[in-house]
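Novice: Mind looking at a prediction? Sequence and model below.
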Amino acid sequence: MHKLVLKPGREKSLKRRHPWVFSGAVAKVTGKPESGETIEIHASTGEFLAVAAYSPQSQIVARVWDWVKREIDADFFRGRIERALALRAHLLPTSDAARLVHAESDGLPGMVADRYGGIVVLQLSSAGAVRWRDALADALETVVRPKTIFERSDADVLALEGIEPRIGMLRGTAPPAQVTVDEAGATFEVDVPHGHKTGFYLDQRGNRLRLRELAAKREVLDCFAYTGGFTVNALIGGAATVTAIDSSGPALGLLARNVALNQLPQAECIEGDVFQVLRKMRDQARSFDLIVLDPPKFAPTAAHADRAARAYKDINLLAFKLLRPGGLLFTFSCSGGVSRDLFQKIVAGSALDAGVDAQIVEQLSAGADHPVALNFPEGEYLKGLVCRVAADSR
Ligand code: SAH
């Protein structure tokens, strides 16, 4: 097996079982391993540290498969997938849509598998995972026994690994044009071939249900509404009205279908840029009792944190201005480059500049099917706060 030898002193993070090797830490690589090939990682002293997948084009030049010397083969992947499923067996009673494998946090760097009823969607995003595509699909077929395995390997990060995107069938029968899932009594149509991520934001499941519990009789504004995850739950929860904003017409089209599928009164849909629409609403002195801000990733890495912070500040400030006294703000960041701590500071600054008195009443995160391995803090990307504007504010 080819070896990657680290520079002196650069073995510390691996010894703490962080699964990434950055290119700057590498002293030499023996032989000429191919993209995704399994290699051994050694300290400068010659000490064995891990077996990993080699990714020559990426800044993350190796991702660890295991910390003991072992063969990486079909059995290895079957074992890891079985372990990921066992973890979830007792955690997710309320939905037939769930994340089955959450990449590094499930010991499978670069591999995400999401289940939508009888369909499993596989998303590969690292050279190692792509090299093992067939073994991963076989293992999913054996362990999960879905009708269909569909591949959605088209995440932006693929380009950093020098890998071509791939979307298409992997195993089983072609998926139906419309995939419908049930989430705690709510029905959603999911667009597996074209939707965001693998089709749906599974990470917000618990937070959508929390919103359902708090929405009764409120006038709700759902910003970055996508296909209506929060909108549908607000309506099920008895919201007086829901206004949904998104820049994507097709997403709002599916939102309206999802509202109809659940036999709920339609939401007001606004196709536009949230930054502009909120300004206009402020100028029109519109107000709401509950606002959801679930924007896309403004900062994929810490390098984008400054610009992202300004964007978060802007929308949160506008939202605080639109909230009535006693109103609730569900505000999220899914940016890996913005920590929970920083996000809370940004939201605090927004409330201050908006001139409102507000409290955090709940901290939110992704659900149990998106675990965070303790040796991989990067796995905690979704941060949410529920803030309440004081009833006597202003
Ligand atoms: N809340 C959704 C997920 C939101 S994903 C759910 O729970 O399912 C982010 C959404 O923001 C996408 O639908 C995208 O179309 C939309 N979006 C991105 N930038 C936007 C902008 N500036 N204004 C309005 N919508 C935007």
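Specialist: All right, it came through fine. Numbers count the residues shown, from 1 in each chain.
Novice: give me the residue from the protein nearest the ligand.
Specialist: Distances between the chain and the ligand by C-beta to the nearest ligand atom are smallest at Gly229, namely 3.1 Å. Quick note: C-beta positions are derived from backbone N, CA and C, even for glycine.
Novice: What count of nearby residues applies to that residue?
Specialist: Burial measure for Gly229: 25 neighbouring residues, criterion other C-beta atoms under 10 Å.
Novice: Show the contacting residues for the residue lying closest to it once chain neighbours are set aside.
Specialist: Nearest residue to Gly229, sequence neighbours excluded (C-beta to C-beta, 6 or more residues apart in numbering): Arg208, at 5.1 Å. Residues near Arg208 by C-beta atoms under 8 Å, 6 or more residues apart in numbering: Glu183, Ala186, Gly229, Phe230, Val232, Asn233.
Novice: Does the last one lie in a helix or a strand, and which?
Specialist: Okay, so that is Asn233. Using DSSP states H and E, Asn233 sits in helix 229-236.
Novice: Counting neighbours, what do you get for the closest residue to Leu264 other than its chain neighbours?
Specialist: Setting aside the residues directly before and after it, Leu264 is nearest to Leu235 in space (C-beta to C-beta, 6+ apart), at 4.1 Å. The number of residues packed near Leu235 is 26, by other C-beta under 10 Å.
Novice: Next one, pLDDT for Leu235 please.
Specialist: On the pLDDT scale, Leu235 is placed at 98.
Novice: before we move on, what about Pro93?
Specialist: For Pro93, the pLDDT comes out at 64.
Novice: hmm, back to that, the next helix or strand after the helix holding Asn233 - contacts with which helices or strands?
Specialist: As assigned by DSSP H and E, the chain's next helix or strand after helix 229-236 is strand 241-246. The contact analysis (3 or more C-beta pairs under 8 Å, 6 or more residues apart in numbering; DSSP states H and E) places strand 241-246 against strand 219-223, helix 229-236, helix 249-261, strand 268-271.
Novice: wait, which of the ones you listed is closest to Thr198?
Specialist: helix 229-236 (14.0 Å; C-beta to C-beta).
Novice: Show me what the closest one is packed against.
Specialist: Here helix 229-236 touches strand 186-190, helix 205-214, strand 219-223, strand 241-246, helix 249-261, strand 288-293, going by 3+ C-beta pairs under 8 Å, 6+ apart.
Novice: Comparing those, which stretch has the densest surroundings?
Specialist: Most buried of those by mean neighbour count (mean count of other C-beta atoms under 10 Å) is strand 219-223; its value is a mean of 27.
Novice: report the angle between the axes of it and helix 249-261?
Specialist: Angle of strand 219-223 versus helix 249-261, following axes from the mean of the first three to the mean of the last three C-alpha atoms, to 10 degrees, is 140 degrees.
Novice: helices and strands around strand 219-223, which ones?
Specialist: Contact here means 3+ C-beta pairs under 8 Å, 6+ apart; on that basis strand 219-223 packs against helix 229-236, strand 241-246, helix 274-283, strand 288-293, helix 305-322.
Novice: Mean neighbour count, the ones you listed: which tops it?
Specialist: helix 229-236 (a mean of 27).
Novice: what inclination does that helix have with respect to strand 288-293?
Specialist: 150 degrees.
Novice: CA atoms only for helix 229-236, dumped as PDB, please.
Specialist: Provided in PDB are the C-alpha atoms of helix 229-236 (Å, rounded to 0.1, in the frame of the first residue of the first chain):
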ATOM      1  CA  GLY A 229     -41.200  22.600   4.900                       C
ATOM      2  CA  PHE A 230     -41.900  25.400   7.400                       C
ATOM      3  CA  THR A 231     -44.900  26.800   5.600                       C
ATOM      4  CA  VAL A 232     -46.800  23.500   5.600                       C
ATOM      5  CA  ASN A 233     -46.100  22.900   9.300                       C
ATOM      6  CA  ALA A 234     -47.100  26.500  10.200                       C
ATOM      7  CA  LEU A 235     -50.500  25.900   8.400                       C
ATOM      8  CA  ILE A 236     -50.900  22.400  10.100                       C
END
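Novice: what about Asp273, neighbour count?
Specialist: Asp273: 12 neighbours (other C-beta under 10 Å).
Novice: Quick check on it: phi, psi?
Specialist: According to degrees, to the nearest 10, the main-chain angles of Asp273 amount to phi -90, psi 120.
Novice: what do you get for Ser333?
Specialist: Main-chain dihedrals, Ser333, degrees, to the nearest 10: phi -130, psi 130.
Novice: Excluding sequence neighbours, find me the nearest residue to it.
Specialist: With sequence-adjacent residues excluded and distances taken as C-beta to C-beta, 6+ apart, Ser333 is closest to Phe343, at 4.7 Å.
Novice: Quickly check: stretch 383-394 near the ligand or not.
Specialist: No. Stretch 383-394 does not reach the ligand (C-beta under 6 Å from any ligand atom); its nearest approach is 10.9 Å.
Novice: go on, stretch 210-223?
Specialist: No. Against the ligand, stretch 210-223 shows no contacts by C-beta under 6 Å from any ligand atom, the least distance being 7.1 Å.
Novice: Just the residues contacting that stretch, thanks.
Specialist: Contact with stretch 210-223 is made by 184, 228, 230-231, 233-245, 267, 274, 278, 281, 287-295, 315, 319, 322, 328, 330, 362, 364, 386, as judged by C-beta under 8 Å, 6+ apart.
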